[in-house]
Structure formats: C-alpha cells, structure tokens
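Asker: Let me see the structure of the following:
(4 chains)
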Protein chains: 2
Amino acid sequence: MDEKEPLEVKDKLLAVGEKLFAQKGLAGVSIRELSQEAGTNSALVSYHFGGKEGLYAAILEAQFVPVGLLLDSVIGVKATPTEKIIQYARSVALLHGKMPYLTRYLTGELVNPSRFFEPVIRKYIQRIYMFLTNTFREGIESGEFRRDLDPSSAALALAGMMNFYFIARPISRHFLPGGDEQNERYVLEVVKIFLDGVREHAGEQEVSSHCSSRDSGSRSSGL
Amino acid sequence: MDEKEPLEVKDKLLAVGEKLFAQKGLAGVSIRELSQEAGTNSALVSYHFGGKEGLYAAILEAQFVPVGLLLDSVIGVKATPTEKIIQYARSVALLHGKMPYLTRYLTGELVNPSRFFEPVIRKYIQRIYMFLTNTFREGIESGEFRRDLDPSSAALALAGMMNFYFIARPISRHFLPGGDEQNERYVLEVVKIFLDGVREHAGEQEVSSHCSSRDSGSRSSGL
DNA sequence: GTCTATATTGCGATAGAC
DNA sequence: GTCTATCGCAATATAGAC
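Answerer: Residues are numbered from 1 along each chain as shown, chains lettered A, B, ... in the order given. Got it, this is the predicted structure:
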C-alpha cells in the first residue's frame, strides 16, 4: 500500500489538486494546469479519476475523513459540557493546523456548492450541529449555561468564530503573527469569550473566581 | 438617471450577474449563461463592461459601497464601546438583510480571491478591523472590557460570528426558521454571548445585575 | 444600443501507440 | 500505467449590419 516511491502519479495529482482546487475552486482549475503542475499529462486525470470532477470528489472526501474522526473522538466522551466545548475547540484548531486547506473546501462548498456538497459534506455539518446543540442543551440542564441560551444560535456562533479565523488567516497574517502559537492563542481567547464573556465583571480580576458556580479553575487550567 | 423603463439591458446584466456570480463564482459563470438569463446576447457584456471580468468588477464594487456607508455611520459616533459593538452588530445584520449576496462575495473572495480582491475589498476589511480593534482598546481602557482581552482576536471572533451566520444561512434554514426575526434573534444572542458570556453566573438569573460594574441595563434595554 | 455571425482560443475527454 | 495526438465543443471577444 505505501511503497517507497516518492510520489505515484495518482498521489501527485491528489496533492497538486488539493492545493489548486483550494486556491481557485473547481471551475477555476483546468486539467491541463493540474497535470502540468504535477509533471504529467491531462489524460492521466481521466485514467485515474474518471475526469476532473472525479479528482475533485476524491480530494473533497479525503479532506473530511479527519473531520469524522474528530467527531468520533469528541462525541460521547464522559465530560462536562464546558469541558466538551473546550476540547472541541482545541481539536478543531489542531485539525486545521494539520489540514491547511480544509477551511477553504468547507467554506467554498458552503458559498458555491458543487454537486458534491450534498453527498459528501452535509452529513458532517449535521453531526457537528447535533454535537454542539446537544452539548449546549446538556449544559443548560446542568446549570452550567444560562437557561435562555439558544442552542442553535450558540452552535452557529461558536462554529463561526472557529471557522472564520481560518478563513481569514491569509489576510489576518498582515496584522497578526503567524504560526501555531497564534492559533493556540486565538482558541484560548475564543473559549474565554464564549464561556465567560467580554465584560470586566464587578471590580475583580479573575472573573470566574466568584461569578461562576463551580469548577472555575477548568477555564485556565483545563486548557 | 433613473428613467421609468423597467430595466435597461445594462442594469439587467448587473442584476443577473449579481445572482449568478454569487452562486457559482467568477469562473463558474459564462457570459452565454449570463446574457441568456438576462434575455440578451453575450456581445452586450463586452459592450457595456468590456468583458466578463469588467462586469464582475462592477458588481463587486457595488456590493461594497453600502459597507463603506455603514462604516461611515458607525465610526466616530459618540457612544460607549459596548454601545458601539451593539450598534455595529445590528447594522451588519441589517445590511445583510438588504444585500443578500454580500456574504458570498466577501467570503468567496477571501477563500478564492480574484484579481479584484486587493484593489476593491482589502480597504474595507482594513477599516472594519481598525474600527473593531480601536473600540476594544477603548473599552479596555475604560474598564468595560477585561484588561487581558486581545483586540485582534476579539475582532476576528465577532466578525466570525456575524459572517458565518450568513454564510451558513442556506444550510441553517433546515433547522432554524428563516426570516428577518431569526436574524434579529441571532444578533441578540451573539451580542449577549460576546458581551456577557455563556455561563450562568453564581446562583442568579440576571447575570449582569451584580457582576458587571455598571450600565447593566444597556444589554437588555439598549437593544 | 442591440443584434447575428464568426474568429480564436482553450476546455475536457478519448483513441491508440508504447 | 503513461504518453502523444486529436476530436468535439464551449469559452470570450470582436466585426459589422441594423
């Protein structure tokens, strides 16, 4: 399965396509450009993948396999809702670190859906939505989250903060330092904002120390 | 300037292009499809706009004119940082209500930039970023926001919550009711989350009543 | 300003040699 | 499995009649 050869033509096409489709979208890339960048010829795209769309579909599916694994690892763990949210946010950041084009495929398909959005991507979105809203409902019942919190809105808000950061990464590099530490820093800030809020609360520094009902340490130490 | 005729060909092309480019992106639309949908022929695209890209550029610029107006209306108003953030969020939601394709152009250009991203869009992003980070710095100095808040991260987080909601609107309609009231509801929830946090704070219902240092009423009444 | 007709280029896919 | 060569078609843009 994984022989020693540096890169098979098939894998080379997958690697080149991953980059080019992420940058220009499905319609913006030709099989000629694709095969030229891969050091081969356009006939091989049809031979290995049955055409340009077949290559795109293969790449799209591969992008979302790790998303499924992430969900498997985070759904149904024994932890408080707060801890689950923290773990989710950290896992997502880690995943985007390893899959630098994932955001572009997800967002690109949301904005300009190809015919592969429904069969490939919808189920992952559904799973993420269910995980988040269920976790929020659980937290509302347990008293960790306020009773008037709308789980759907909260899910969209959290997903938005996480995703948009990576969408904007190419531009935000101009005013934010790059690198993984920056990602980690942003995640910490997002979790803090999301769980505790922006406001300085009544004349104290450590907000959570007396305003939160319990396990206030988990915010700083649990991360 | 605005005669009575229902739609000039030029305006018809702008209207049709606004929809099609938003749905499929610049590369995904042909001038044939464009002109056919507009009830004319492809030669008129070149005549009026100098080509497909010219039409796209005209549409892109028109999309962002209201963004500039929004920024003019929100920058430099006399209000507390908290009020500015609330007003900003509400204005953005209102704008997206009036410009249903704005999100797609913004996000589409972020994910797959055309050659018009730099000359057309960058300056608006810069202005939004400056407005938000300045407002956060102001709020930190005034004591409204916590001292360790990172203005850049907070700006990305808020922009992410607002934008992603509209990016995901076509999909979220499947589990959220549609319509403007839903937008309003989401904005309220986002502002609440962003300003106060998700957590139920120590054995009380109205979080802000004793945990925040002042003007606790503005959160519920000011909206 | 708007149309038809067309020039030219580039596209995706395939046939067939090796 | 990979290549060259090519087919058929759709792309943008333009010329010229009205």
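Asker: hang on, isn't residue A:37 packed against residue A:20?
Answerer: Yes. Contact criterion CB atoms under 8 Å: residue A:37 and residue A:20 qualify, at 6.8 Å. Bear in mind the C-beta positions are built from the backbone N, C-alpha and C, glycine included.
Asker: Between these two, which has more neighbouring residues?
Answerer: residue A:20 (19 against 16; other CB atoms under 10 Å in any protein chain shown).
Asker: Could you tell me the end-to-end distance of stretch A:69-82?
Answerer: Taking CA to CA, to the nearest Å, the first and last residues of stretch A:69-82 lie 21 Å apart.
Asker: So which residues make contact with that stretch?
Answerer: A:84, A:87-88, A:91-92, A:95, A:124, A:127-128, A:131, A:135-136, A:138-139, A:142, A:144-145, A:195, A:215, A:218-219, B:199 (CB atoms under 8 Å, 6 or more residues apart in numbering or on different chains).
Asker: From the residues you listed, list just the buried residues.
Answerer: Those of the contacts of stretch A:69-82 that meet the buried threshold are A:84, A:87-88, A:91-92, A:124, A:127-128, A:131, A:135-136, A:139, A:144-145, A:195, A:218-219, B:199, by 16 or more other CB atoms under 10 Å in any protein chain shown.
Asker: would you list every one of the helices in chain A?
Answerer: In chain A, the helices defined using DSSP state H lie at A:9-24, A:31-37, A:43-49, A:52-74, A:81-98, A:102-111, A:122-142, A:151-167, A:169-172, A:180-196, A:208-211, A:217-220.
Asker: quick one: the first one near DNA strand C?
Answerer: Just to be clear, that refers to helix A:9-24. No. Residues of helix A:9-24 are not located near DNA strand C by CB under 7 Å from any atom of the strand, the shortest gap being 10.9 Å.
Asker: Contacts for that helix, please.
Answerer: Here helix A:9-24 has contacts from A:7, A:29, A:33-35, A:37-40, A:44-45, A:48-49, A:55-56, A:58-59, A:62-63, A:101, A:104-105, A:108, B:27, B:112, using CB under 8 Å, 6+ apart.
Asker: So which residues on chain A come close to DNA strand D?
Answerer: Residues of chain A lying near DNA strand D (CB under 7 Å from any atom of the strand): A:8, A:9, A:10, A:39, A:40, A:41, A:42, A:43, A:44, A:47, A:48.
Asker: Just flag the most distant two among those.
Answerer: The most widely separated members of the residues of chain A next to DNA strand D, counting by CB to CB, are A:8 and A:42 (17.2 Å).
Asker: which of these two has more neighbours?
Answerer: residue A:42 (16 against 11).
Asker: what are the phi and psi values for that one?
Answerer: Torsion angles at residue A:42 (phi, psi; degrees, to the nearest 10) stand at phi -70, psi -20.
Asker: which ones are touching it?
Answerer: Contacts of residue A:42 (CB under 8 Å, 6+ apart): A:31, A:32, A:34, A:35.
Asker: Most neighbours of all the residues you listed, which one?
Answerer: residue A:34 (22 neighbours).
Asker: And it, how far from chain B?
Answerer: From residue A:34 across to chain B, the span is 14 Å (CB to the nearest CB, to the nearest Å).
Asker: Report pLDDT for that residue.
Answerer: pLDDT recorded at residue A:34 is 98.
Asker: How about the contacts made by it?
Answerer: Per CB under 8 Å, 6+ apart, neighbours of residue A:34: A:13, A:16, A:17, A:20, A:42, A:45, A:52, A:55.
Asker: where's the last one relative to residue A:104, distance?
Answerer: Using CB to CB, to the nearest Å, one gets 16 Å for the distance from residue A:55 to residue A:104.
Asker: which of the two has more neighbours?
Answerer: For residue A:55 versus residue A:104, the count of surrounding residues by other CB under 10 Å is larger for residue A:55: 26 against 23.
Asker: Could you tell me what pLDDT the model assigned to the more buried one?
Answerer: So, for residue A:55, pLDDT stands at 98.
Asker: thinking it is in contact with residue A:46, fair?
Answerer: No. Residue A:55 is beyond contact range of residue A:46, at 9.2 Å (criterion: CB under 8 Å).
Asker: Quick one: mean pLDDT over stretch A:159-172.
Answerer: Mean predicted lDDT for stretch A:159-172 stands at 96.
Asker: what's next to that stretch, contact-wise?
Answerer: A:89, A:92-93, A:96, A:102-104, A:106-107, A:128, A:132, A:183, A:186-187, A:190, A:193-194, B:107, B:110-111, B:122, B:125, B:152, B:156-157, B:159-165, B:167-168.
Asker: Show me just the buried residues among those residues.
Answerer: A:89, A:92-93, A:96, A:102-104, A:106-107, A:128, A:132, A:183, A:186-187, A:190, A:193-194, B:107, B:110-111, B:125, B:152, B:156-157, B:159-165, B:167-168.
Asker: Pull the contacting residues for the residue nearest in space to the middle of chain A.
Answerer: Closest residue to the average C-alpha location of chain A: residue A:92 at 5.0 Å, with CA atoms, centre = their mean. Listed by CB under 8 Å, 6+ apart, the contact set of residue A:92 reads A:70, A:162.
Asker: Do you know the pLDDT at it?
Answerer: For residue A:92, the predicted pLDDT is 97.
Asker: ok, so what distance separates it from residue A:66?
Answerer: Counting by CB to CB, the gap from residue A:92 to residue A:66 is 11 Å.
Asker: go on, residue A:114?
Answerer: 20 Å.
Asker: more crowded one of those two?
Answerer: residue A:114 (21 against 14).
Asker: Please name the residues that touch the more buried one.
Answerer: A:26, A:53, A:56, A:60.
Asker: ok, of those, which one's closest to chain B?
Answerer: If you rank these by distance to chain B using CB to the nearest CB, residue A:26 comes first, at 7.8 Å.
Asker: I'd assumed residue A:56 was in contact with that closest one.
Answerer: Yes. Residue A:26 is within contact range of residue A:56, at 5.2 Å (criterion: CB under 8 Å).
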